[in-house]
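In: this one's structure only:
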């Protein structure tokens, strides 16, 4: 079965966006392991708000959702969108069952790109297998937190860590299944 990997940038105080949705604090001066990560995945799960934000970015950056990202199957999870860009797949009903079904299909691992609501739902249902956090050396003080309140503890096992000269720390954990 394919792994679902939550991979994203986070501040040291646990935010994925600033108070106004900004992510200008994210380092873009080098690769930070992204190209190696891209060799592991061939699909991406993305929530509506993250999809819309990513499309705005792509529209002003030669269509690239993320710089250097290869072509992959894009699954957009939304109950409100009626259509998505050509080549993307809209998941509007029973997102948990659909995510489970997609994970069971053959292929490489799947990148859970974002969406606080989507991440929360997939985490609560135990569908996320790994966390890959690029911890940036900044304290925002407020914004959108990476995780919402959980009903129970989630044990993690460190798979890999890497420290960059910029102060960014890359951490990869597997989620211990109960």
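Out: That came through, no problem. Because the structure is a prediction, the values reported are computed rather than measured. Residues are numbered from 1 along each chain as shown.

In: separation between residue 2 and residue 94?
Out: Applying C-beta to C-beta, to the nearest Å, the value for residue 2 to residue 94 is 19 Å. C-betas here are computed from N, CA, C, even on glycine.

In: same question, residue 138
Out: 38 Å.

In: next, name the residue at the spatial heart of this protein.
Out: With distances taken as C-alpha atoms, centre = their mean, residue 113 lies nearest the centre of the chain, 2.3 Å away.

In: before we move on, the earlier item: more neighbours, residue 2 and residue 94?
Out: residue 2 (17 against 10; other C-beta atoms under 10 Å).

In: give me the secondary structure label for the more buried one.
Out: coil (DSSP: H, G, I helix; E, B strand; the rest coil).

In: what residues does the helix or strand of the chain with the lowest mean pLDDT touch?
Out: Here the helix or strand of the chain ranked lowest by mean pLDDT, DSSP states H and E is helix 48-59, holding a mean of 78. If you take C-beta atoms under 8 Å, 6 or more residues apart in numbering as the criterion, helix 48-59 is touched by 21, 46, 64-66, 76-81, 84-85, 113-116, 118.

In: narrow the residues you listed to those in helices?
Out: 116, 118 (DSSP state H).

In: now the helices for the chain?
Out: Using DSSP H, helices in the chain cover 34-38, 48-59, 95-104, 116-124.

In: angle of the longest one against helix 116-124?
Out: Right, helix 48-59. Counting by axes from the mean of the first three to the mean of the last three C-alpha atoms, to 10 degrees, helix 48-59 points 120 degrees away from the direction of helix 116-124.

In: what comes up buried for helix 48-59?
Out: 48-51, 53-55 (16 or more other C-beta atoms under 10 Å).

In: between the residues you listed, which is nearest residue 177?
Out: Nearest to residue 177, judged by C-beta to C-beta, of these is residue 50 at 25.6 Å.

In: measure the closest one to residue 140 for me?
Out: Distance from residue 50 to residue 140, by C-beta to C-beta: 18 Å.

In: check residue 122 too.
Out: Counting by C-beta to C-beta, the gap from residue 122 to residue 140 is 24 Å.

In: between these two, who's got more neighbours?
Out: Between residue 122 and residue 140, counted using other C-beta under 10 Å, the more crowded position is residue 122 (23 against 18).

In: is it true that that one touches residue 113?
Out: No - using C-beta atoms under 8 Å, residue 122 is not in contact with residue 113, being 11.7 Å away.

In: who touches both of those two?
Out: Joint contacts of residue 122 and residue 113 (C-beta under 8 Å, 6+ apart) are residue 45.

In: mind listing the strands for this protein?
Out: 4-11, 15-17, 41-47, 73-77, 89-91, 109-114, 130-136, 144-145, 156-163, 169-175 (DSSP state E).
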